[in-house]
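Undergrad: Okay, here's the prediction I keep looking at, along with the sequence it came from:
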Amino acid sequence: MIQIKNLWKSFEGKQVLKGLDLHIPRGETLVIMGRSGCGKSLLLKLVTGLMQPDAGEILVDGEEISGLKFKELNHMRRKFGLLFQSAALFDSMSVEENVGFMLAQHTKLSRAQIREIVIEKLHLVDLDGTEHLRPAELSGGMRKRVGLARAIAFDPEVILYDEPTTGLDPVTCVEINRLIQSLHEKLEVTSVVVTHDMDSAFTVATRMAMIHSGKIVAFGHPNEMLENDDPILQQFILLGAPEQILNVSNPVLKEFILNLREE
Amino acid sequence: MADQPSVPQQKPVSLLRFADFAGARILYRLSGFGRASIFVFRTLALLFKPPFQLNLLVRQLRLIGVDSLSVVLVSGIFTGIVLATQGYIQLSDLSAEGQIGRFVCVSLIKELGPMVTGFVLAGRIGASITAELGTMKVTEQIDALSVMGTDPVKYLVVPRFLACAYMLPILTVFSTFSGIAGGYAVAVYLFNMNGVFFMKQVQSYLYISSICISLIKATSFGMAIALVGCYKGFTISVAGGAEGVGKATTGSAVVSLMLILVLDVLLNHLLFTLLQLK
């Protein structure tokens, strides 16, 4: 589905991505993890064409996106639904207008038809009856869910989540994780989740990738990641998701976490 | 012996540093000018590209035009009052106080009408456009538009640009005539001039060419205010946050005001000297 080859990108004078290679298979939920500032969110901006790479290729269904003209890029972007870290809802619009924005802009559907789709999408994210509300009237979790309803309104092939649980309370985090899983199953889409929340990562992932020093240092199924001996990955998972580690067979990791708890 | 090498070494280093600093500043300014030019050309090119979203334009016409009318009328009236008061005092020294109607009319139509309206709108609308678009940039709403396949320049900049270009001349007409009304009130009720005589002077010097000059200036000021406001909002650094939005808003108002003054000088030269309009 998405193939990233030898991607280089500097941001504000700092070389963030240094020859990153990644394959995002169709139908998977890929969690991309890494420390703050490692380039996770930047990667999403590059994939959606919001930024141009310094070097390297991003292929979406075999098409290189940096070579696309503005109109073609806009057309390609309709394959994506992006949930922003801050939800990025339009303050001047109601929930209904936010969710139905893409439909109003890019289709000739009537207002009633758009409203019908908006109600359906809001139902999918458990926000029935909120169409008339303004973003300022919503809680953090509700804003994320409206952002998610907006991201899926145009029936995208890929849903990109930028730190979906950041800034939310633990109960809302669990709700958002469930939502990501259920949307993945119901809509049969490819999902890419960027996060450093290990609980969320192990809950939703069917595959995981870890970015460190501008490259992917580990890639695989969640269990493979737990068994991976890479010290950077071990440390990251260990501090973020100790409960998951206790459930696996890797004796080195188990011993490590038990020792850490004793300390 | 120990002092000898240190003196010749320091001078080239500081000179190099200065050259490095100056070069970087020049390059930064030039690249900024280049980015601004691309932004302006892109906006102008998108004016003629469908879809034409009338609902967005109507909303901006209301916000920029109708909502600014009261403040423009008040500023126009007071400009006319001050102009007539000062004009009467100065002209009476030359025994030409009878020319007050002409003085108020010509000054307001050709200069103060468009300029005062431009200043009011630069402070009220230019700064508000920057604050609104800057906040949208910082909160990733502009990125959200792009990801959803909508061109932010077409969606956000074009309606504001058109609304400013349409509404500035209309507001200038209101400002000018409220200024003339203010001048009339001072001349007639404060200095006991004949009202009919005042209005006849205004009528005599109300040339079509003067009105055209006023409207050309106002349209140019409107375009400048919209472009500066939108550009400043679009180019806010996301990392700057609320402070960045505040600085850009102030910067937008200042640049717009300066640009209005520069444009006024250039247009005066073009219209009065080169085209020899009255």
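TA: The structure has been received and is ready for your questions.

Undergrad: Next one: A:Gln235 from A:Pro170, what distance?
TA: 23 Å (CB to CB, to the nearest Å). The way it works is simple: take the backbone N, C-alpha and C, and place the C-beta from them, glycine included.

Undergrad: my bad, A:Cys38
TA: Note on A:Cys38: its distance to A:Pro170, by CB to CB, is 24 Å.

Undergrad: which one of those two has more residues nearby?
TA: The neighbour comparison of A:Cys38 against A:Pro170 (other CB atoms under 10 Å in any protein chain shown) goes to A:Cys38, with 20 against 9.

Undergrad: Tell me the secondary structure at the residue lying closest to that one once chain neighbours are set aside.
TA: The shortest distance from A:Cys38 to any non-neighbouring residue, by CB to CB, 6 or more residues apart in numbering or on different chains, is to A:Ile211 (4.8 Å). At A:Ile211 the chain is in strand, as set by DSSP: H, G, I helix; E, B strand; the rest coil.

Undergrad: Which other helices and strands does the helix or strand hosting A:Gln105 contact?
TA: Element membership for A:Gln105 (DSSP states H and E) is helix A:101-106. Contact here means 3 or more CB pairs under 8 Å, 6 or more residues apart in numbering or on different chains; DSSP states H and E; on that basis helix A:101-106 packs against helix A:111-124.

Undergrad: Now with 6 Å, please.
TA: The contact analysis (3 or more CB pairs under 6 Å, 6 or more residues apart in numbering or on different chains; DSSP states H and E) places helix A:101-106 against no helix or strand.

Undergrad: And it, how far out from the chain middle?
TA: 22 Å (CA atoms, centre = their mean, to the nearest Å).

Undergrad: Compute the number of surrounding residues for residue 187.
TA: Because you didn't say which chain, this covers chain A. The tally of other residues near A:Leu187 (other CB under 10 Å) stands at 16.

Undergrad: My question was about chain B, not that one.
TA: The burial count for B:Ala187: 27, using other CB under 10 Å.

Undergrad: Quick check: the gap between it and B:Leu83.
TA: Counting by CB to CB, the gap from B:Ala187 to B:Leu83 is 10 Å.

Undergrad: Repeat that for A:Lys69.
TA: 54 Å.

Undergrad: again, but for B:Gln203
TA: Counting by CB to CB, the gap from B:Gln203 to B:Leu83 is 18 Å.

Undergrad: Who has more neighbours out of those two?
TA: Ranked by neighbour count (other CB under 10 Å), B:Gln203 and B:Leu83 place B:Leu83 first, with 21 against 10.

Undergrad: Secondary structure element holding the more buried one?
TA: Using DSSP H and E, B:Leu83 sits in helix B:69-93.

Undergrad: Give me the helices and strands touching that helix, please.
TA: Secondary-structure packing of helix B:69-93 (3+ CB pairs under 6 Å, 6+ apart): helix B:100-107, helix B:113-121, helix B:158-185.

Undergrad: Okay, buried residues for that helix please.
TA: B:71-73, B:75-77, B:79-81, B:83-85, B:87-88, B:91 (16 or more other CB atoms under 10 Å in any protein chain shown).

Undergrad: same deal with stretch B:162-177?
TA: Buried positions in stretch B:162-177, judged by neighbour count with 16+ other CB under 10 Å: B:162-177.

Undergrad: same question, stretch A:24-31
TA: A:Ile24, A:Glu28, A:Thr29, A:Leu30, A:Val31.

Undergrad: all strands for chain A, in order.
TA: Applying DSSP state E to chain A gives strands spanning A:2-11, A:14-24, A:29-33, A:55-60, A:63-64, A:80-83, A:158-162, A:190-194, A:207-212, A:215-220.

Undergrad: For the ones you listed, give me JSON lines that also has distance to B:Gly113.
TA: As requested, the strands of chain A are arranged in JSON lines below (distance: least, CB to CB, whole Å):
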{"stretch": "strand A:2-11", "distance to B:Gly113": "48"}
{"stretch": "strand A:14-24", "distance to B:Gly113": "52"}
{"stretch": "strand A:29-33", "distance to B:Gly113": "59"}
{"stretch": "strand A:55-60", "distance to B:Gly113": "54"}
{"stretch": "strand A:63-64", "distance to B:Gly113": "55"}
{"stretch": "strand A:80-83", "distance to B:Gly113": "48"}
{"stretch": "strand A:158-162", "distance to B:Gly113": "50"}
{"stretch": "strand A:190-194", "distance to B:Gly113": "55"}
{"stretch": "strand A:207-212", "distance to B:Gly113": "60"}
{"stretch": "strand A:215-220", "distance to B:Gly113": "63"}
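
Undergrad: Just give me the lowest mean pLDDT stretch among those.
TA: Sorting the strands of chain A by mean pLDDT places strand A:63-64 lowest, at a mean of 88.

Undergrad: That one pairs with which strands, parallel or anti?
TA: Sheet pairing of strand A:63-64 (DSSP bridges) gives strand A:55-60 (antiparallel).
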